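Chemist: Need a 3D model of the following:
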Amino acid sequence: MSDTKTELDLTLEPPGPPAEQRGARRHQIKQRCVVALADSGAGGYTCLTFNISTDGIGLFLPLPLRAGAEVHIEPLALPGAPALRARVVHRQRLEFAWICGCEFLTPLTDAQLAAWLG
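Modeler: The predicted structure follows:
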């Protein structure tokens, strides 16, 4: 029997940010909105959007939504901005909230994006 010790390096690297998946330019925004599960008929939650592109939107939510869930996003106090439909692609927990990345079911037009950018 050998007295040789094998040491394993169990150092874990902190997870990096998710790989960029959007092909369109992201715009940083702070816009309040109401997010509800699509076609549920239930009320939604007041949330905050933190970025938007023609392909998707980033949301701060008070609860997790499963990947693949379809949501209805209604802007608050943003005249002319359309309600949006999106699918949750990923989620990540923060201390007190969840970050969800969503892709739009139909990409936004430049005019729709401009309305959300105010």
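Chemist: Okay, and the beta partners of the residue nearest the centre of the chain?
Modeler: For the chain, the residue sitting closest to the mean C-alpha position, by C-alpha atoms, centre = their mean, is Gly101 at 2.2 Å. Beta-bridge pairing of Gly101 under DSSP bridges involves Gly58, His90.
Chemist: Now do it against Ala42, distance only.
Modeler: Using C-beta to C-beta, to the nearest Å, Gly101 is found at 22 Å from Ala42. Any C-beta I mention is one placed from the backbone N, CA and C, and that applies to glycine too.
Chemist: Could you do Gly56 as well?
Modeler: For Gly56, the distance to Ala42 - C-beta to C-beta - is 23 Å.
Chemist: Among these two, which residue is more densely surrounded?
Modeler: Neighbours were counted for Gly56 and for Ala42 using other C-beta atoms under 10 Å; Gly56 has more, 23 against 8.
Chemist: Could you report the neighbour count for the closest residue to that one other than its chain neighbours?
Modeler: Closest residue in space to Gly56, ignoring its immediate chain neighbours: Glu103 at 4.4 Å, by C-beta to C-beta, 6 or more residues apart in numbering. As a burial measure, Glu103 scores 16 neighbours (other C-beta under 10 Å).
Chemist: Would you mind putting the CA coordinates of the one helix or strand Glu103 maps to into CSV?
Modeler: For Glu103, the host element (DSSP states H and E) is strand 98-104. Output of strand 98-104 as CSV, limited to C-alpha atoms (Å, rounded to 0.1, in the frame of the first residue of the first chain):
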residue,chain,number,x,y,z
TRP,A,98,-35.3,37.0,-9.3
ILE,A,99,-33.8,38.1,-12.6
CYS,A,100,-35.5,36.6,-15.6
GLY,A,101,-34.4,36.8,-19.2
CYS,A,102,-37.2,36.5,-21.7
GLU,A,103,-37.5,36.2,-25.5
PHE,A,104,-40.4,37.8,-27.3
